[in-house]
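> Turn this into a structure:
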Amino acid sequence: HGYDDRWNVLLVGEGNFSFARAVVRLFQGNGEGVLATAYDSEATVRAKYEDSEEILEELQDCGASLRFGVDAADLAGTLGLPKKGQRAPWGAVLPPFRRIVFNFPHVGLGIKDEGRNVAANQQMLGAFFRACLPLLEAPLGEIHVALKQGKPYDLWNVRGLAHHATGGALRVKTEYRFDPAWFDGYSHRRTIGFQEGLSKGDNEEIQGRSRTLVFCRTRK
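Model (predicted):
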């Protein structure tokens, strides 16, 4: 699974925070190095995802740090990191991060036009990769992005996007099949939350058709 509880880990774009909980469980309940974030406000997360209350409570009990209203395209600006010379809050998980993880990114704007949808997601991910650079541990830090295979995701060209958006600073290190069974209690959720008739349970939407791309700094 590629995680170690000795590292600082930043999780971006959490929905119901079940992936964050799964990582903490991999760490035998030690969440002290985990910073889990969501784009939504805390109130929205709790309203949108029925299972989030129990999950957030477990994460807090395990010492994980939680942040809401964090924009993947502006990590430094929305994480609330202390500025130079300021003292960090006690217990805060701070950069550099050995792992930055963004599972199944999507702008979630409901754009039906495929071209506009692709462009919006490419713009968001390009900004995300640039935002990761100052937060990534050198030289061993990695960015993990899990994606479904097939259209429209293949059209995003995420491999090339990471390289070009960062002026060649990032490259693909490897990729592997994303298996939700590796992560205890993980339940994939769309940006709209779980909706009967639209959403599928048991990770059916991602099972067997998802891969994780691993990016690292380009060697100089």
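> Name the spans of the protein whose pLDDT lies under the cut-off.
The chain contains residues with pLDDT under 70 at 1, 90, 190-208, 220.
> which stretches of this protein form strands?
Assigned by DSSP state E, the strands in the chain fall at 9-12, 34-38, 65-68, 99-103, 142-148, 170-177, 210-217.
> and these as a markdown table, adding mean neighbour count?
Using the backbone N, CA and C atoms, a C-beta is placed for each residue, glycine as well. Putting those into a markdown table (neighbours: other Cβ atoms under 10 Å) gives the following:
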| stretch | mean neighbour count |
| --- | --- |
| strand 9-12 | 26 |
| strand 34-38 | 25 |
| strand 65-68 | 19 |
| strand 99-103 | 24 |
| strand 142-148 | 22 |
| strand 170-177 | 14 |
| strand 210-217 | 19 |
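> Using TSV, please lay out those strands together with distance to Asp154.
As requested, the strands of the chain are exported to TSV (distance: least, Cβ to Cβ, whole Å):
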stretch	distance to Asp154
strand 9-12	22
strand 34-38	26
strand 65-68	31
strand 99-103	17
strand 142-148	9
strand 170-177	13
strand 210-217	11
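> So which of the ones you listed is nearest Ser52?
strand 34-38 (9.1 Å; Cβ to Cβ).
> Which other helices and strands does that closest one contact?
Strand 34-38 sits against strand 9-12, helix 18-26, strand 65-68, with contacts defined as 3 or more Cβ pairs under 8 Å, 6 or more residues apart in numbering; DSSP states H and E.
> nearest to Leu135, of those?
Closest among the helices and strands packed on strand 34-38, once you apply Cβ to Cβ, is strand 9-12, at 6.8 Å.
> Which elements pack onto that closest one?
Packed next to strand 9-12, using 3+ Cβ pairs under 8 Å, 6+ apart, are helix 18-26, strand 34-38, strand 99-103.
> residue with max distance from the center of this protein?
Of all residues in the chain, Gly85 has its C-alpha farthest from the mean position, at 28.4 Å, by Cα atoms, centre = their mean.
> gap between that residue and His163?
Separation of Gly85 from His163 (Cβ to Cβ, to the nearest Å): 34 Å.
> Let me see the contact set for Tyr3.
Residues counted as contacts of Tyr3 (Cβ atoms under 8 Å, 6 or more residues apart in numbering) are Val9, Val23, Leu26, Phe27, Arg99.
> quick one: the second one and Phe183 touch, right?
Yes: the pair Val23 and Phe183 passes the contact test of Cβ atoms under 8 Å, sitting 7.3 Å apart.
> who has more neighbours, those two?
Legend: neighbour count by other Cβ atoms under 10 Å for Val23 and Phe183, higher for Val23 (25 against 21).
> show me the contacts for that one.
For Val23, the contact set (Cβ under 8 Å, 6+ apart) comprises Tyr3, Val9, Leu11, Val34, Phe183.
> Convert the C-alpha atoms of the longest helix along the chain to CSV, please.
In the chain, taking DSSP state H as the definition, the longest helix is helix 114-132. What follows is helix 114-132, C-alpha atoms only, in CSV (Å, rounded to 0.1, in the frame of the first residue of the first chain):
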residue,chain,number,x,y,z
GLU,A,114,-17.2,16.6,-22.5
GLY,A,115,-14.7,19.2,-23.8
ARG,A,116,-15.5,21.7,-21.0
ASN,A,117,-15.5,18.9,-18.4
VAL,A,118,-12.0,17.7,-19.5
ALA,A,119,-10.6,21.3,-19.5
ALA,A,120,-12.0,22.1,-16.1
ASN,A,121,-10.5,18.9,-14.5
GLN,A,122,-7.2,19.5,-16.3
GLN,A,123,-7.1,23.0,-15.0
MET,A,124,-7.8,21.9,-11.4
LEU,A,125,-5.2,19.1,-11.5
GLY,A,126,-2.5,21.3,-13.1
ALA,A,127,-2.9,23.7,-10.2
PHE,A,128,-2.9,20.8,-7.7
PHE,A,129,0.4,19.5,-9.0
ARG,A,130,1.9,23.0,-8.8
ALA,A,131,0.5,23.5,-5.3
CYS,A,132,2.1,20.2,-4.2
